[in-house]
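1. here you go, sequence then predicted model.
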Amino acid sequence: MQSRSMCSNSMNNDHSTHASRTASWSRWLPLLTVLRNYPMGWLRHDVIAGLSACVVMIPSVIAYAELVHLPPVTGLYAALAACVGYALFASSRQVIAGPDAAIGLLAGSVILPLAAGDPARMAVLAAELALLSGAVLLFAARLRLGTVADLLSRPVLVGYLNGASLLLLATQLGKLFGLQTDGDAFFPVLSSLLAQLPQTHWPTLALGTGLMALLWALQRWLPQIPGALVACALATVLSVALDLRQYGVTLVGEVPQGIPQPKLFALTFTDIAALAPAALALAFLTFSDGILLAQTFAEKHHDEINPNQELVALGAANILASLWQGFAVSASQSRTAIADSAGARSQVAQLVAAAGLLLFLLFLTSVIAHLPKVALGAILVVIALGMLEAASLRQMLRIDRVEFGIAVGVTGAIVVAGVVPGILLGLLVSLIAVLVEISRPGDAVLRRLPHDGKFHDCKNDDEGERIPGLLVYRPYAPLIFANARHVMARIKTLTDAAGPELQWLVIDAQAITDIDITAAEHFAQLQRELSIAGIQVKFADCPRPLREQLDNLHRLGLVGPQEYFVSVGKAVQAYQQMP
């Protein structure tokens, strides 16, 4: 009996250990949970959605490789790596990852001057940048910084997208005119283009203009048809049928066949120092855009996502792309929308898209050889125009001129100084704007309304009644170093204005969620001054975290003991019951 009991306990322990290991793996690889409970009824939807995303993805990612100044096949490599890396770790069931126009433009603008025209060096720098960006994302996930994306405010994002759109337009106009422009900065590119306009290659311009018209028409009247795929297919057919090469139209040329071979490289301190600012900017943009997209589709399908797990997924996608001869990747709004509209149920759809890319790399890359490069330029110009956020700018102008100014300032900084300085400036300005807002918080002196007997923030100075000898004050912000001096000076002004009959100052603390050391020191000084003047300070409606902080500060001797009331009404009752 004892032997059987020991055997049973051993089996239970083994089962418990196995379940624990499975739960641990499932936490880090959410796809395992999906596959373990996968309903076979989803398979048809996921296959259709994955193939749809793959078909749309192929011409787009080839074009995005141009932004990073890499061969077209690297776009396919990066897309394949992103699909696999993201699908394994993502908490989102809908998002499709891969190369992105805004991310590619940022990466290309950074590595071009560092590579000094060396294609091999360009590829290494692109891979290193993706690796560093992925490492930043994983490090942020390890620190559980899933909310860090909130630092990239909407005005900064709109300003970046508009600046990136203008840069993208400028860099692709040369392809449309059949000209080789200099550099990657906005004004030098435009200057180079204008100087060469007399040498415009008219067959290239005619083909590019026609393809752009086709893309716009499909986008306007037949949005369900993948315009980029149709444009590339038509351009390839025309290239073969009319032998466009003989007219001087530049073709993509031979593309390597087969799966990407993993490549290892040694990061140097010089490269890390040169790429670190761009890696941080890329990580911010990648996660901000990715989490917004994941949340949007999660809400649509009543799902939940884990922001920190999304950091892991996007970091893994970038690291895998760097090892597979690719470049920085992100979440793709267009491909996600296409997969979702085709009925995607899970990340199996993304694995199907990866399988489609793999088959294309193994058997169909020869098709790209006859594709005119101007077709890729036409696709990118239409994408750039679609990225412009003119409506958002108009809305900001009507609602908040400061945020409008931040957005325009970021756009201007990107156009003048480049993508990374523009983004960093935008982040800095956003943080300064937040500090300015916090440093001068709103407040109110509360008065009692006769109809309900409660204290309110009254708009009209004539409304409500004051209790003689009592001042009820409500600040609308936490008390921190940035606003401590201002808030305490405001309280001192109000207590002085109340006159010598003032006995109690009741602070309605419902909006004070925090008090730091600097604010505590200022408050302690104010409380001593008021005490000398015969004024007692009381707290009403005080949040638990603030009570605990004040009590802890009292134990440390930084502030005096405090008296708390559950509401302003209770504090007023206590005051009126005084002898």
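-> Looks like it arrived, so ask away. Being a predicted model, the structure only gives us computed values, none of them experimental.
2. so the residue nearest to residue 435 when sequence neighbours are not counted, which of the three states?
-> Counting by CB to CB, 6 or more residues apart in numbering, residue 482 is the residue found nearest to residue 435 once chain neighbours are left out, at 5.2 Å. Every residue, glycine included, has its C-beta placed from N, CA and C. Of the three states, residue 482 takes coil under DSSP: H, G, I helix; E, B strand; the rest coil.
3. do the same with residue 265
-> Applying three-state DSSP: residue 265 is coil.
4. relative to residue 176, how far out is residue 521?
-> Remark: distance between residue 521 and residue 176 (CB to CB, to the nearest Å) = 63 Å.
5. circling back to that earlier point, got the phi/psi numbers for the residue nearest to residue 435?
-> phi -70, psi -30 (degrees, to the nearest 10).
6. state the distance from it to residue 516.
-> 9 Å.
7. what about these two, which has more around it?
-> For residue 482 versus residue 516, neighbours defined as other CB atoms under 10 Å are more numerous around residue 482 (20 against 14).
8. how confident was the prediction at that one?
-> What the model reports as pLDDT for residue 482 is 90.
9. check the one 10 residues further on too.
-> Model confidence at residue 492, given as pLDDT, is 95.
10. so what's residue 174 closest to, chain neighbours aside?
-> residue 181 (3.8 Å).
11. quick one: residue 381 from residue 131, how far?
-> Residue 381 is 30 Å from residue 131, by CB to CB.
12. again but with residue 520, I slipped
-> 44 Å.
13. for residue 331, same thing?
-> 19 Å.
14. quick one, which of those two is more surrounded?
-> residue 331 (30 against 21).
15. now for that one, which secondary structure element holds it?
-> strand 330-332 (DSSP states H and E).
16. packing partners for that strand?
-> Judged by 3 or more CB pairs under 8 Å, 6 or more residues apart in numbering; DSSP states H and E, strand 330-332 is in contact with strand 96-98, helix 269-300.
17. least reliable of those going by mean pLDDT?
-> helix 269-300 (a mean of 88).
18. centre of the chain to the next helix-or-strand element following it, how far?
-> Helices and strands here follow DSSP H and E; after helix 269-300, the next one along the chain is helix 307-323. On the basis of CA atoms, centre = their mean, to the nearest Å, helix 307-323 sits 14 Å off its chain's mean C-alpha point.
19. and for stretch 472-484?
-> The answer for stretch 472-484 is 30 Å, by CA atoms, centre = their mean.
20. buried ones in it?
-> Within stretch 472-484, the residues scored as buried using 16 or more other CB atoms under 10 Å are 472, 473, 474, 475, 477, 478, 479, 480, 482, 483, 484.
21. mind checking what secondary structure the first one has?
-> For residue 472, the secondary structure call by three-state DSSP comes out as strand.
22. distance of it relative to residue 39?
-> 59 Å.
23. go on, the third one?
-> According to CB to CB, residue 474 stands 53 Å off from residue 39.
24. what's the burial count for the closest residue to residue 294 other than its chain neighbours?
-> Nearest non-adjacent residue to residue 294, counting by CB to CB, 6+ apart: residue 92, 4.0 Å away. Number of residues near residue 92 (other CB under 10 Å) recorded here: 31.
25. what's in contact with the strand holding residue 331?
-> 57, 86, 95-100, 102-103, 285-286, 289-290, 293-294, 314 (CB atoms under 8 Å, 6 or more residues apart in numbering).
26. among those, name the buried ones.
-> 57, 86, 95-100, 102-103, 285-286, 289-290, 293-294, 314.
27. okay, now the unreliable bits of the stretch 151-300 of the chain?
-> Along the stretch 151-300 of the chain, segments meeting pLDDT under 70 span 151-152, 183.
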